[in-house]
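J.: show me the folded form of this:
(2 chains)
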Amino acid sequence: MAKFVIEIVHPLWFLREYKTLDMPVVRIGRGFDNDLILGDPHICAEHLIVRTSSDPPGWVAQDISGQNGMYVRKLAKVTDRALIQSGDEIVIGRTRLRFFSPLHPVVPTKLLVPANRFLRTISRPVNVCSIMLVCIMSFVWHVYMTSLETISILKLASGTLVFLFLGVLWAGGWAFVGRMLKHKAQFSVLLGLGVIFLAIAVPFINVSAYLGYVTNSLIVEMVTAGVLLGGACAVFLIANLTLTTNIAFKKQLAVSLAIPLVIIAVLTLLYFSFKDEFNPNPVYYAALKPPFIKILPSQSIDQFLVETAAVFVFAPHKDLSK
Amino acid sequence: MEIVNKLLLFVIAMIGAQVRHVLGIALIFLFATYAQALTDEAEGIYGFTHRHVVQVRVIDLATGKKASLGSGFQFTPDGHIATNFHVVAEAVQAPKRFRVEYILHDSRAGRADILDVDVVHDLAIIHSRELPKTHLVLGYSDMAKGAHIFSMGNPLDLGMSIVEGIYNGPMEDSLYRKILFSGSLNPGMSGGPALDREGKVIGINVATAGNEISFLVPVEYLEKLYAHVLTAPFTAVRNWQEYIREQLTQNQDQYMKRLLDAPWDSLEVGEANVPGEILNIFKCWGKSEDKESELYHYAHINCSTSDDIFLSPGFSTGQILYQYIWVKSKGLNSFRFYNLYERYFEFPNPYENAGEDDVTNFQCANNFVNVGGRDAKVLWCARQYKKIPNLYDINFSLASTDRFDRGLLVEVVALGLSTANANNFVRKFMNTIQWQNSLSK
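T.: Below you'll find the model as predicted:
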């Protein structure tokens, strides 16, 4: 077994190259007299001599640099010689070398994941167009419902431009990632997805506001909004990752759940770190919705005043003047 | 005949013009002598009273410099000086950090002790044994409207001055009786005396609203406070916090009793009848808007008292105000209307009467309440005074929520009430709100 393969993993770990060698003794180093010349500045001019050995089958690597040495199988520094088997890794300088004999088993091929049927469906140009149209209509509806004046259709449409612009930015970013990793930008699908997400976010925010109003609790509103928007964001991220990267579903799930959670955590942290200790004005839940939204029965005046007596109960505070 | 007539008319006109001319000269002359007389009068009064008027200073012990400045006057042979509470408030609140000094007309200075205060009427009596025996004489605040009176003090530390003005009677619609003085009071004159033509004290300078609108505390409150000084045993170090707490608690009990016992005036706002100018001490202002470009009508009424009680710099209490907003849609659908309605409801009237050292944060509760047979959302908030834990600032907001396209918003802000009074006031407020019959459910 004289023929063997060296895998060279450069300090930039994603750059690998393979050298097939067919000689009993291989000299490795940075100088001109070597069989394998490496450009790593941490490697000596003559660094390593590798001899093929038959018993046990493998190679014997000998360090001749006397300076930086080598690291075998991620163990401690070796400065003389080490026995290497097929598949073992040695590190010289910042470069990693792996030795393979022709008998080394090859890992089975990873199969390409066929595109999700849903994503395939919405990628059709007709569907992308109709999705955009529906979403724009929903934005227009939202702008109309929150406006307080008679506004022209042109003004309404321009109100939706903000949403579209956000969608374009987002899709552009992911399209770049897709172009790099999968050689496929798929901008229109990504834009469609982004617009769907924004179009869903609007009713979700409204749903949580109404739910909060019905239960008369700000906490319900915040939690519902967090869960709905966080969930939608996770699903949306999974779709983006599937389209633009090759990572496994488990990893996709982890990443897409982590991102909304981190956003929520950071916002909560920011809220508490920038919240003033003293607020001269009352902070209350002043939501108002049309009469038919109200479900809970009204209290009588006396009942209300009795039940809210707690607003006058304060924890005793330190008297700073003493 | 016509010519004769015209001639006659001409002659009459000429004579008339002459007479007017002569009359004008006479009037100017009269006015000049009158003004001369007044100036002389001020001069005379200044001459025999200015020795009893002092400048009152509060000295910050840490820096040795004056922290606040006012005027005062000696009104007993025993060395009692009257001034405003707000002049010496810092020394009352933190006696260890401040000291009170007076400066006589001849620049002699001396230390004074605070004997008694009346925070509600903004009066204080300070005392020094080293003062001369002569003093100003207290008179009566009851005078004829239009009388000339004179106010003395040391404006902006520029030197003792006398200001001439007109007595315009007690303000009838004020919670705490004050005299309206049409003359210019300036910062630094607070605590100085207002004198009648005989040089007797009728009131104490207290506040100004600019443009010759100034206010005096009637001298009777000073007499009352002095009577209290005479009956109460002299204690050099009083527990002022406790003393002020008692005064404020008593005062709010008194005026809330007056408010709650009185029949309340009714005011029509949109489709509702709501409390109007209660007891005439509240003044209401209103405005409305109905723009073509906007899809709603809007009417706003706000009512408030003009009385507030100064406690320390940046901290006052005693104000009550309430406001109504009636909003009616002109073509907005219900969802759009309620978006607008919520915007008016969201933001409370800004509170600027107290700071972090004086009050806690607000605590709030809210629910749907049946007010006069209609559903309303009610927000109910209170914050406690840190040094006066039985008094609270409250905020009560109400929005009717049973109409698709119209609604009434109410906000009540009351400062410095006890729990019971706050509850009773708000209860009566809600009970007084009535809806017009044709539309009530």
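J.: drop to CA atoms for contacts and neighbour counts, all remaining ones
T.: Will do.
J.: quick one: low-confidence parts of the chain?
T.: As the question left the chain open, I've gone with chain A. A:1, A:113, A:317-322 (pLDDT under 70).
J.: chain B is the one I meant
T.: B:1-39, B:233-237, B:437-441.
J.: can you list the domains in it?
T.: What automatic domain parsing lists as the domains of chain B is B:40-238, B:246-435.
J.: what's near enough to touch B:Pro350?
T.: A:280-281 (Cα atoms under 8 Å, 6 or more residues apart in numbering or on different chains).
J.: please redo it, this time with the cut-off set to 7 Å
T.: A:Asn281 (Cα atoms under 7 Å, 6 or more residues apart in numbering or on different chains).
J.: wait, which of the domains of chain B is closest to A:Ala76?
T.: domain B:246-435 (62.2 Å; Cα to Cα).
J.: by contact count, what packs against the helix or strand harbouring A:Phe272?
T.: A:Phe272 belongs to helix A:249-274 when assigned by DSSP states H and E. On a contact count with 3 or more Cα pairs under 7 Å, 6 or more residues apart in numbering or on different chains; DSSP states H and E, helix A:249-274 meets helix A:218-244.
J.: so is the helix it packs on next to chain B?
T.: No - applying Cα under 7 Å from any Cα of the partner chain, one finds helix A:218-244 separated from chain B by no less than 10.7 Å.
J.: tell me what that helix is packed against?
T.: Taking 3+ Cα pairs under 7 Å, 6+ apart as the contact cut, helix A:218-244 packs with helix A:161-181, helix A:187-215, helix A:249-274.
J.: what parts of chain B come near chain A?
T.: Looking at chain A, the residues of chain B close enough under Cα under 7 Å from any Cα are B:293-295, B:334-336, B:338-340, B:342, B:345-346, B:348, B:350-351, B:356, B:361-365, B:368-371, B:375, B:381-382, B:401-404, B:419, B:423, B:427.
J.: need the buried ones from the residues you listed selected in ChimeraX.
T.: The ChimeraX command for the buried members of these (criterion: 16 or more other Cα atoms under 10 Å in any protein chain shown) is given here:
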select /B:295,334,335,336,338,339,340,342,345,348,361,362,363,364,365,368,369,370,371,375,381,382,401,402,403,404,419,423
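J.: what about the residues of chain B next to chain A, which are in helices?
T.: When the residues of chain B next to chain A are checked against helices (DSSP state H), the matches are B:334-336, B:338-340, B:342, B:345-346, B:419, B:423, B:427.
J.: buried residues, the next helix or strand after the helix holding A:Phe272. List them.
T.: Downstream of helix A:249-274, the first helix or strand assigned by DSSP H and E is helix A:301-307. Of all the residues in helix A:301-307, those buried under the rule 16+ other Cα under 10 Å are A:301, A:304-305.
J.: nearest to chain A: which residue in the stretch 101-250 of chain B?
T.: B:Gln241 (10.8 Å; Cα to the nearest Cα).
J.: for B:Glu294, give me its contacts.
T.: By Cα under 7 Å, 6+ apart, B:Glu294 lies in contact with A:Glu149.
J.: ok, now how distant is it from B:Leu340?
T.: Applying Cα to Cα, to the nearest Å, one obtains 11 Å for the distance of B:Glu294 from B:Leu340.
J.: so how far is B:Val206 from B:Tyr46?
T.: 20 Å.
J.: ok, and which of the buried residues of helix A:301-307 reach chain B?
T.: Within those, those near chain B by Cα under 7 Å from any Cα are A:301, A:304-305.
J.: so B:Tyr46 and B:Val206 - more neighbours on which side?
T.: B:Val206 (27 against 21; other Cα atoms under 10 Å in any protein chain shown).
J.: surely that one forms part of a strand?
T.: Yes - counting by DSSP: H, G, I helix; E, B strand; the rest coil, B:Val206 falls inside a strand.
J.: B:Gly191 is in contact with B:Gln74, isn't it?
T.: No - between B:Gly191 and B:Gln74 there is no contact under Cα atoms under 7 Å: 11.0 Å.
J.: is it correct that A:His42 falls within a strand?
T.: No - going by three-state DSSP, the assignment for A:His42 is coil, not a strand.
J.: nearest residue to it in space, please, no chain neighbours.
T.: Distance criterion Cα to Cα, 6 or more residues apart in numbering or on different chains; nearest residue to A:His42, sequence neighbours excluded, is A:Gly93 at 4.5 Å.
J.: try B:Tyr298
T.: Among residues not flanking B:Tyr298 along the chain, B:Val327 sits closest, at 4.7 Å (Cα to Cα, 6+ apart).
J.: and that neighbour, its phi and psi?
T.: Backbone dihedrals for B:Val327, given as degrees, to the nearest 10, come out at phi -120, psi 130.
J.: what sits against it?
T.: Per Cα under 7 Å, 6+ apart, neighbours of B:Val327: B:296-299, B:406-408.
J.: coming back round to it: buried residues in the helix holding A:Phe272, which are they?
T.: A:252, A:255-257, A:260-261.
J.: any idea of the angle it forms with helix A:218-244?
T.: 140 degrees (axes from the mean of the first three to the mean of the last three Cα atoms, to 10 degrees).
J.: okay, now A:Thr79: neighbour count?
T.: Number of residues near A:Thr79 (other Cα under 10 Å) recorded here: 16.
J.: need phi/psi at it.
T.: Dihedral angles (degrees, to the nearest 10) for A:Thr79: phi -110, psi 0.
J.: make sure it is actually in contact with A:Gln67.
T.: No - if you go by Cα under 7 Å, A:Thr79 and A:Gln67 don't touch, sitting 8.1 Å apart.
J.: now B:Asn353: how far from A:Ser158?
T.: Taking Cα to Cα, one finds B:Asn353 at 44 Å from A:Ser158.
J.: who's more crowded, these two?
T.: Between B:Asn353 and A:Ser158, counting by other Cα under 10 Å, B:Asn353 is the more crowded of the two (19 against 14).
J.: just the closest of the buried residues of helix A:301-307 to A:Met23, please.
T.: Distances from A:Met23 to those, taken by Cα to Cα, are shortest for A:Phe304, at 93.8 Å.
J.: show me the contacts for the closest one.
T.: A:Phe304 neighbours (Cα under 7 Å, 6+ apart): B:Val369.
J.: list the contacts of the nearest residue to A:Ser86 once chain neighbours are set aside.
T.: Nearest residue to A:Ser86 in three dimensions, chain neighbours excluded: A:Phe100, at 4.6 Å (Cα to Cα, 6+ apart). The neighbours of A:Phe100, taking Cα under 7 Å, 6+ apart as the test, are A:4-6, A:86-87.
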